[in-house]
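**Student:** Prediction below, plus the sequence it came from.
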Amino acid sequence: MTISKHIKIAGAAAALGLLTISAPASAQTTYNVASLADFTGPYADVMKDLIGARRPVIDWWNAEVGKKIGVKLGIKDYDHRYDAAQVASLWPGIKAELNPIIVLGVGGPDVAALQGRLPSDKIPMVMSTAAYGFAWKPDPWIFNQRPTYSHEAAAFFDWLRQKRGGSGPLKVAIISSEASPAYVDQHKGVQRYAADNPDKVEVVEVVFTEVQPTDLTTQVNRVTRKGAEVIMIMTNTAAVVATKRALQSLGKQVPIIMSSHNGLAESGRAIGDVKQMEGDYEVYAMAAPTDAKTPGREFFEMLQSKYGLKAKWTVSAVQGLGQALIAMRAIEAAAKKVGPDKITGEAIREALLSTTISADDTFKILGNTKFSNEGPFPTQGLVASIATIKDGKYMEAAAGVPVPSINKW
Amino acid sequence: MIDFVNYFINGALVGLLYALIAMGFVVIYRASKVFNFAQGELVVFGGFIVWWMVASLGLPLSIGIPLAFVAAALFGLLVERVFFSRLAGESVFAMVMVTIGLLILIRGLILVLFGPQVRSFPIIFPLQPVIIGEILIPRSLLIGGAITVIVGFGLSWFFNRTRAGLRMTAVAEDHQVALSMGISVKRSIAFAWILGAVLSTLGAIIFLSGKSLNFLASDIGLAALPVALLAGFEAIAGVLLAGLIVGIIQGLVTAYLDPIVGGAIGTVFPFIIMLLILFIRPTGMFGWKTIERV
């Protein structure tokens, strides 16, 4: 045996000794979270705040919750380009590289690409977006913090009809597109609600456009002539801008209802000034990012001061916070049930299905959230927030608006 | 009846916008026999240059727009110098593959240079539509249509009546023959790319005036494809007629068939026309018929 071999063995023994000594000090078990994002696709513009909110929540959780229960989470972002084919091609690599216990998803392509894979891979996914009718199936592995876009829209229509007064149904026009299955799903759900509740909502027309419409003056003129009292656009900001321009050129004032991903701030920026969105609305089943000192806002500011949160207080940031908090609370519940060193994707799914995540657990960003085996989103006790632009300022028009139930479509 | 007239006029004007974008395909194809898959991206890039000059730098329209055309021309020249001048004499397939690479490159460049945010495109043409009785004509499309007709006939005259244009036509027929006649193939191709980039910027101005801008706008390149195919890739003036046909059919189908079918058949219809053309007359309505002697 040579001297160098002795030195190597001694070195290895010393290293092993050091590891053994340090082991009790780091009793945390480390798990990974896969974070899907659209950095280069159609929603890249809203991604900065959404992704920017996820990571600080995990840092906060690691420091203030995970440390106590013996769990540490790592996170890595993957660009899915809002493309189901890209998600499908990324997924095997994500599993091999990260072995995640949970996935944070952002949109329809994630659902379309992974809804068949996740049950066999036994990894749950928590979404930031509203849910989709095409994924409304029992025994979910994908969980949406919000109901479908159609549920959220229906909540708004009921609210607006009450605000309007009178007995007739609210006449709704929908600007949609066949560019994404999610867009089609949105108007199909509303059509189902209108068909089941003819006294409440009447869909006067669904107008199909490209993702960047050339001109919508003729179409908008047609739907206003049909008596549309509100125009629903939950596709993208380009469609909102084209519709707004058409309304402006026609001298008509029909409110537009948008969602979280193409809301007032984003569409206002895209048209040049948020004041042009005066009297329009956005709706979603989570807190609106107003200036009010809400628990969610205080949590956000704490993350800014202590955990390096760089995102702005926007709807996208609220989505990211809500999603990350649901995931963290589910991991907490799973750790309590199976122990911090035995957390698996399956255990997290079980925890999601058996635990009620209270509004306080999410700093009132979401209401009380109780998932069930019936579908990917909570079906009971959901409430929505409605925001608007009044006198040029972004403000909450209504909170705690009940979300009606809709039959599957 | 009045609705029919509205849809007809609106469709015709949208078709003329498609024709303008399709002219970009045609001028590049005429000089290099290359089908440019990145035509839509050239439109978006031109749009971003206009946005940068007018909205970001705050230049008045009278200065910003001409400067944007100059910048677009330089970009077209750069693309030709960096990629296509090196491919002279290579197979057409190689050049077409490069245009696919160019598509990805321009998308990346836009993200790096301008970011992913949706931008507010300046209002170049007045928003108020022209109203004649119950007929409603979007002003930007109307002015754009007039510009397209002038540009179409102007380019047709240039390619068929001027020495420089005829040189490019010779290049389009056969690079080797053109070279043997002392015509600079590289210069012709460079000019075609400059022209293609400038036309795309003009298309962006008409298409995006007062709307929003991000790279989704590149889809107009795809919408203009059936127009170029219907006309034939060599026919500049023919593109105008093809644009009118595709636009009017699309407008009427969208208005009357979409509500019945419950889907966006109007968006698909131009592509159905495109496939039919490829089956029946692969050279398009006005494309050159090539006789090959074996």
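**Tutor:** Thanks, I have the structure now. None of these values were measured; they are calculated from a predicted model.
**Student:** Every contact and neighbour count from this point should use C-alpha atoms.
**Tutor:** Noted.
**Student:** So residue A:129 belongs to a helix, correct?
**Tutor:** No. Counting by DSSP: H, G, I helix; E, B strand; the rest coil, residue A:129 falls outside a helix, being coil.
**Student:** OK, contacts around it?
**Tutor:** A:106, A:107, A:144, A:145, A:146, A:319 (Cα atoms under 8 Å, 6 or more residues apart in numbering or on different chains).
**Student:** among those residues, which are in strands?
**Tutor:** residue A:144 (DSSP state E).
**Student:** Any stretches of the stretch 101-250 of chain B with poor pLDDT?
**Tutor:** Applying pLDDT under 70 to the stretch 101-250 of chain B flags no residue at all.
**Student:** Spell out which parts of it neighbour chain A.
**Tutor:** B:111, B:115-121, B:127-129, B:136, B:138, B:207-208, B:210-213, B:215-217, B:219 (Cα under 8 Å from any Cα of the partner chain).
**Student:** sorry, back to before: could I get the contacts of residue A:129 in CSV, plus columns for distance to residue A:399?
**Tutor:** Below are those laid out as CSV (distance: Cα to Cα, whole Å):
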residue, distance to residue A:399
A:106, 24
A:107, 25
A:144, 20
A:145, 17
A:146, 15
A:319, 16
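**Student:** can you list the contacts of residue A:129 in CSV and add pLDDT, distance to residue A:188 and neighbour count?
**Tutor:** Formatted as CSV, the contacts of residue A:129 follow (pLDDT from 0 to 100; distance: Cα to Cα, whole Å; neighbours: other Cα atoms under 10 Å in any protein chain shown):
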residue, pLDDT, distance to residue A:188, neighbour count
A:106, 90, 21, 28
A:107, 85, 18, 23
A:144, 95, 19, 24
A:145, 93, 21, 27
A:146, 95, 18, 30
A:319, 96, 24, 31
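**Student:** and after the lengthiest helix in chain B, which helix or strand comes next?
**Tutor:** Determined from DSSP state H, the single longest helix within chain B is helix B:2-32. Moving toward the C-terminus from helix B:2-32, the next helix or strand (DSSP states H and E) is helix B:39-51.
**Student:** For that next one, name the packing helices and strands.
**Tutor:** The helices and strands touching helix B:39-51, judged by 3 or more Cα pairs under 8 Å, 6 or more residues apart in numbering or on different chains; DSSP states H and E, are helix B:2-32, helix B:61-79, helix B:92-114, helix B:185-208, strand B:212-213, helix B:219-231.
**Student:** and if we set it to 6 Å?
**Tutor:** Packing contacts for helix B:39-51, counted by 3 or more Cα pairs under 6 Å, 6 or more residues apart in numbering or on different chains; DSSP states H and E, involve helix B:185-208, helix B:219-231.
**Student:** Residues touching the first one, excluding its own?
**Tutor:** Which is helix B:185-208. B:21, B:24, B:27-28, B:31-32, B:42-43, B:46-47, B:69, B:72-73, B:76-77, B:80, B:144, B:168 (Cα atoms under 6 Å, 6 or more residues apart in numbering or on different chains).
**Student:** How is the residue in the stretch 101-250 of chain A that chain B sits nearest to assigned, secondary-structure-wise?
**Tutor:** Using Cα to the nearest Cα, residue A:249 is the residue of the stretch 101-250 of chain A that sits closest to chain B, at 4.6 Å. Three-state assignment for residue A:249 (three-state DSSP): helix.
**Student:** Tell me how many other residues crowd residue A:267.
**Tutor:** Other residues near residue A:267 number 27, with proximity taken as other Cα atoms under 10 Å in any protein chain shown.
**Student:** Please look at it and residue A:235 and confirm they touch.
**Tutor:** No. Counting by Cα atoms under 6 Å, residue A:235 is not a contact partner of residue A:267; they are 11.3 Å apart.
**Student:** tell me which residues of the helix or strand hosting residue A:97 are tucked away?
**Tutor:** Using DSSP H and E, residue A:97 sits in helix A:84-98. Buried residues in helix A:84-98, counted by 16 or more other Cα atoms under 10 Å in any protein chain shown: A:84, A:87, A:88, A:91, A:94.
**Student:** can you check stretch A:233-251 too?
**Tutor:** Under the neighbour-count rule (16+ other Cα under 10 Å), stretch A:233-251 has A:233-250 buried.
**Student:** Just those residues: which are in helices?
**Tutor:** Counting by DSSP H, the buried residues of stretch A:233-251 place A:237-250 in helices.
**Student:** Now do whichever strand or helix holds residue B:246 against helix B:219-231: the angle between them, please.
**Tutor:** Per DSSP H and E, residue B:246 falls inside helix B:236-256. Put simply, helix B:236-256 runs at 120 degrees to helix B:219-231, going by axes from the mean of the first three to the mean of the last three Cα atoms, to 10 degrees.
**Student:** Sounds good, over and out.
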